[in-house]
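Colleague: Fold the following and give me the result.
(one chain, ligands or ions: 3)
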Amino acid sequence: MTTNTKTGAAIPVVARDAGMRAFECEVTGEEIPLPECLACAQRGAPGCSMFPAFIHQIVTDSRPHDFSQHLAKTHSADFGISVTELLYCPRKFRLKMAHSWTEKPSDFYARFSGTAIHAALEDYEGTGIVEERLIATFDYRGKTILFSGKPDLVTYSDAGWFITDYKRTGWPPRSSYSYTCPKCYEVILSDVTDRRGIGGANKPLYCPDCDESFTRRQVHQITHLPEAKLAHAMQISLLALLLNKNEEEYASILAEKHGIAVSDAPPAFSGQIIYLGPRDILPIPVEIDLNAARALLRTRLDALLRPELPPKEPLEGWECKYCPVALQCDTAA
Ligand code: SF4
Ligand SMILES: [Zn+2]
Ligand SMILES: [Zn+2]
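Modeller: Numbering: from 1, shown residues only. Ligands and ions are numbered 1, 2, ... in the order given. Have a look, this model is predicted:
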């Protein structure tokens, strides 16, 4: 990696009063200090859908917004970033360092309900490593960066390391379909995820090339298997990048805990995302691309460490409506 002090990176300064300063009451919409919100929930809070155990959980173990910066400090690094933060909105990351905000407990719930699986993982009894933080430091544009991540589950076999991450979702990825013209093989419709009504009696499919219409029975159908969301697949590759640097440590955990010996051969990585849908569980294998992960890491760091606020960019899997600093953002969608 190149170090160029002339175009050195600008480390965002964490404002003294940054962080979540209070809840925004579900009922009145007003700002309410965290302990008062908890006390209110414990009194039964008429009209409020939040229950005390959940408020209690947020109040007691909400991770500080600048957790990665604390981690960086303890390792004498200039700047800390986690895999999750890297994949989220860079504007959000920067704004959260500079501002304080209020949040509705229900918005918190919307973002964190997905972590419920982690409680179940604590009782995992297989021969794997559950939620062990991985850390790597490196120099970038004259600064020391601490990069960290916590894979949900890492297992090892003859094929190498296998990383699993769980995602709770109301909409697990589905198969998609493409249709091509029976005469010229031009694509008529591509990557539609729902076949209902396509090419039905009232909806003929037109070929843009032949200018003819066909029924669904007449066109060729290609089925594409469901794929993990791009951001989720990248997450696995970024975790593999970290695991690559921490292989020895992980190998010694496996040896101590489970008596598994890791081979001396260069490490191989593969992984999967397990989508936990409302009705079923869908495991999707993902391909690991360490070079793509390195490139993403560099691009994102460049965005995060520029002197001015990063521009808005389309972010897969992230929605401004969940962003706690949307009020401070001039490009909130
Ligand atoms: S409102 Fe949207 S664009 Fe702005 S910081 Fe939040 S997530 Fe990013
Ligand atoms: Zn997870
Ligand atoms: Zn055609």
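Colleague: Whichever residue of the chain sits closest to ligand 2: neighbour count?
Modeller: The chain approaches ligand 2 most closely through residue 152 (4.5 Å), counting by C-beta to the ion. Where you see a C-beta, it was placed from the backbone N, CA and C, and this is true even at glycine. Counted with other C-beta atoms under 10 Å, the neighbours of residue 152 add up to 21.
Colleague: Please name the nearest non-neighbouring residue to it.
Modeller: Excluding the flanking residues, the one nearest residue 152 by C-beta to C-beta, 6 or more residues apart in numbering is residue 165, at 4.9 Å.
Colleague: Which residue ranges of the stretch 201-333 of the chain form helices?
Modeller: Ranges of helices in the stretch 201-333 of the chain, per DSSP state H, counting those that start in this stretch, are 230-245, 247-258, 290-304.
Colleague: Can you mark which positions in the first one are buried?
Modeller: Yep, that's helix 230-245 we're talking about. Neighbour-count burial for helix 230-245, counted by 16 or more other C-beta atoms under 10 Å, picks out 232-244.
Colleague: between those residues, which is nearest residue 91?
Modeller: residue 234 (18.6 Å; C-beta to C-beta).
Colleague: That closest one - nearest residue in space that isn't next to it in sequence?
Modeller: Among residues not flanking residue 234 along the chain, residue 296 sits closest, at 6.0 Å (C-beta to C-beta, 6+ apart).
Colleague: Which pLDDT value goes with that neighbour?
Modeller: Residue 296 carries a pLDDT value of 95.
Colleague: Below-threshold pLDDT in the stretch 51-200 of the chain: ranges please.
Modeller: Residues of the stretch 51-200 of the chain meeting the criterion pLDDT under 70: 61-62, 113-119, 197, 199-200.
Colleague: Three-state assignment for the residue positioned nearest the centre of the chain, please.
Modeller: Closest residue to the average C-alpha location of the chain: residue 84 at 5.0 Å, with C-alpha atoms, centre = their mean. Under DSSP: H, G, I helix; E, B strand; the rest coil, the three-state class of residue 84 is helix.
Colleague: Domain ranges for this protein, per the record?
Modeller: Here the domain parsing of the chain from automatic domain parsing is 65-170+228-328, 176-224.
Colleague: circling back: would you mind telling me which of the helices of the stretch 201-333 of the chain is nearest residue 169?
Modeller: Judged by C-beta to C-beta, the one of these that comes nearest to residue 169 is helix 230-245, at 9.7 Å.
Colleague: Which neighbouring elements make contact with that closest one?
Modeller: Judged by 3 or more C-beta pairs under 8 Å, 6 or more residues apart in numbering; DSSP states H and E, the packing partners of helix 230-245 are helix 83-87, strand 134-140, strand 143-149, strand 160-168, strand 269-276, strand 281-286, helix 290-304.
Colleague: Turn these into TSV, including distance to ligand 3.
Modeller: Listed next are these as TSV, based on distance: least, C-beta to the ion, whole Å:
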stretch	distance to ligand 3
helix 83-87	40
strand 134-140	51
strand 143-149	48
strand 160-168	39
strand 269-276	36
strand 281-286	33
helix 290-304	36
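Colleague: do you know which of those lies nearest residue 11?
Modeller: Between those, strand 143-149 lies closest to residue 11; by C-beta to C-beta that is 6.3 Å.
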